[in-house]
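> Predicted model and sequence below, questions to follow.
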Amino acid sequence: MKLEKSIELYSKGKKHLVGAVNSPVRAFKSVGGVPIFIDRAKGSKIYDVDGNEYIDMVLSYGPMILGHRNSIVEKTIKKYLKNGYTFGASTKGEIIMAEMVCNAFPGMDKVRFVNSGTEAVLSAIRLARAYTGKNKIIKFAGCYHGHSDALLVAAGSGLATLSIPGSKGVPDEAVKNTLIAEFNNINSIEAHLAKHKDIAAVIIEPIAGNMGVIQPKKDFIDQLKELTKASGVLLIADEVMTGFRSQFGGAQELLGFEADITCLGKVVGGGFPVGAYGARNEIMEMVSPLGDMYQAGTLSGNPIAMACGIATLKELKKQNPYKDFEKTAAFLEREMKIAAKENGIDLQVNRFGSMINPFFTKEKVVDFKSAQTSDTKMFKTFFWKMMENGVFLPPSQFESWFLATAMTKRDIYKVRSAIQIAMKAVADKHK
Ligand SMILES: *Cc1c(COP(=O)(O)O)cnc(C)c1O
């Protein structure tokens, strides 16, 4: 596999960029080797600077659900670029986008747009505290909610692979109000609620995607909803990854519940930096300028980002790919399991909608602890063989792979062939 130009850029990039990246997972640290540098992408394909072509299952960690440079979306962006880039005043696009988002999520009467998932979540936490007048929050081990101080404990994603307990630079005071519960374990929530009276909210990725994909057990979310309601605690659904991805109305539509506050990001901007948080009127009316909870943003609701988001959501709604995603993911699950079995490899495949990933372990993966039983050395071998065979995967065991509507049957068969080769390579090296 030719990587000369990526190697060159990597060594140049390290001079003025930290680790040559602007987000740690891009450094490929947990799979070793050189991080690839991207030149361009179109549809289901992405091309690195050495001219290698890959089927893109990273999709920028989720946003590119239509694939890259969808022609309708691109036309819309170009049209809006001519009007200017940012105004520091309101535009019609924000109203259209707000209506689309609130229609998709019935629990949201009002929404506030921000610039990232991190911002959406940290604002939602502030809002929950403002509304309840309480301070503590509960999060689940292995769920990732962005990099704000209070949420950088027992987070998944980059932190899971690097085994960093939280992060340096986060003072104890910043996390002292963050309690940790176990995903899929309702008793762990009950225990906190019984012990602490000062709880503002429970935050959850309803379908976890940042410790690999982990589905909620049957009834887990219903029980969580009931428990929080009975205790006067708000339930925050962090749907930054699952919003518009697992269903148009996110995990909430799929699982049939309504959160008190919903956080969005990734798909909602279609590749531009957009995040959002929203809730019913009585909660959102706490937010400035209607209420006393301050939250602002120079570039929030950026007109180009809104145009891209609107075009993406419209196209997504029209294509309604969710049944097809489910079928494709089921196919990939089956093929991975067959290939693993043929090679004598213990493998779990977790998936939900268009999110899927394998774990190299005998144990059923239902929470952070079981996710960590996966053999990451095997994943590393698997990852590089997939790359060599033209499939771009997230360079970490603990990230979800994604599907895009631009993927064709041919692409999926190519992924299957790569899986067959990669599983054999894993067996050859580790058995
Ligand atoms: C990606 C992600 C975030 C953080 O979003 P950024 O845009 O990276 O700040 C928060 N929550 C979840 C569930 C995510 O997947």
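Received, thanks.

> in the stretch 301-431 of the chain, which spans are strands?
Taking DSSP state E, counting those that start in this stretch, the strands of the stretch 301-431 of the chain run over residues 348-352, 355-359, 391-392, 401-402.

> Please identify the pairing partners of the second one and their relative orientation?
As defined by DSSP bridges, the strand partners of strand 355-359 come to strand 348-352 (antiparallel), strand 401-402 (antiparallel).

> same check, this time on the third one
Strand 391-392 sits in its sheet next to strand 53-56 (parallel), going by DSSP bridges.

> what residues are up against the closest residue to the ligand within the chain?
Of all residues in the chain, residue 117 sits closest to the ligand, at 2.1 Å by C-beta to the nearest ligand atom. All C-beta atoms are positioned from the backbone trio N, CA, C, and that covers glycine. Contact analysis of residue 117 by C-beta atoms under 8 Å, 6 or more residues apart in numbering lists 145, 146, 238, 240, 263, 264, 265, 266, 275.

> Now do the strands in the stretch 101-250 of the chain.
110-114, 136-140, 178-181, 199-204, 234-238.

> In TSV: those strands, plus distance to the ligand and mean neighbour count.
Converted to TSV, those look like this (distance: least, C-beta to the nearest ligand atom, whole Å; neighbours: other C-beta atoms under 10 Å):
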stretch	distance to the ligand	mean neighbour count
strand 110-114	9	23
strand 136-140	11	24
strand 178-181	15	20
strand 199-204	9	25
strand 234-238	4	28
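
> quick one: which of those strands is nearest residue 404?
Minimum separation from residue 404 across those (C-beta to C-beta) falls at strand 234-238, 22.0 Å.

> now the closest one: mean pLDDT?
The average pLDDT for strand 234-238 rounds to 98.

> Please pull up the helix or strand immediately following that strand.
helix 250-255 (DSSP states H and E).

> ok, residues contacting that following helix?
Counting by C-beta under 8 Å, 6+ apart, 104-105, 107, 206-207, 216, 221, 237, 239, 242-244, 246-247, 258-259, 262, 264, 352-353 sit against helix 250-255.

> Could you chop this protein up by domain?
Domain assignment of the chain by automatic domain parsing yields the ranges 4-69+321-430, 71-318.

> can I get the strands paired with strand 355-359 in JSON lines with mean pLDDT and distance to the ligand?
Below are the strands paired with strand 355-359 laid out as JSON lines (pLDDT from 0 to 100; distance: least, C-beta to the nearest ligand atom, whole Å):
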{"stretch": "strand 348-352", "mean pLDDT": "96", "distance to the ligand": "13"}
{"stretch": "strand 401-402", "mean pLDDT": "98", "distance to the ligand": "11"}
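
> quick one: pLDDT of the residue of the chain closest to the ligand?
98.

> quick one, what contacts residue 189?
138, 181, 202, 224, 227.

> Quick check: chain neighbours aside, which residue is closest to the third one?
Of all residues beyond its chain neighbours, the one nearest residue 202 is residue 138 (4.5 Å), with distances taken as C-beta to C-beta, 6 or more residues apart in numbering.

> Report the separation between the one you found and residue 177.
Distance of residue 138 to residue 177, computed by C-beta to C-beta, to the nearest Å: 10 Å.

> Please apply the same query to residue 82.
On the measure of C-beta to C-beta, residue 82 and residue 177 end up 47 Å apart.

> Enumerate the beta-bridge partners assigned to the closest residue to residue 332 other than its chain neighbours.
Nearest in space to residue 332, with sequence neighbours left out and distances taken as C-beta to C-beta, 6+ apart, is residue 356 at 5.9 Å. As for beta bridges, residue 356 partners with residue 351, residue 401 under DSSP bridges.

> Residue 356 touches residue 400, doesn't it?
Yes: under the criterion of C-beta atoms under 8 Å, residue 356 makes contact with residue 400 at 6.9 Å.

> what do the two both touch?
Residues touching both residue 356 and residue 400 (C-beta under 8 Å, 6+ apart): residue 213.

> Excluding sequence neighbours, find me the nearest residue to residue 266.
That would be residue 62: by C-beta to C-beta, 6+ apart, it lies 4.1 Å from residue 266.

> pLDDT wise, what is the one you found at?
97.

> Could you pick out the residues of the stretch 151-300 of the chain near the ligand for me?
Within the stretch 151-300 of the chain, the positions near the ligand by C-beta under 6 Å from any ligand atom are 205, 209, 210, 238, 240, 241, 265, 275.
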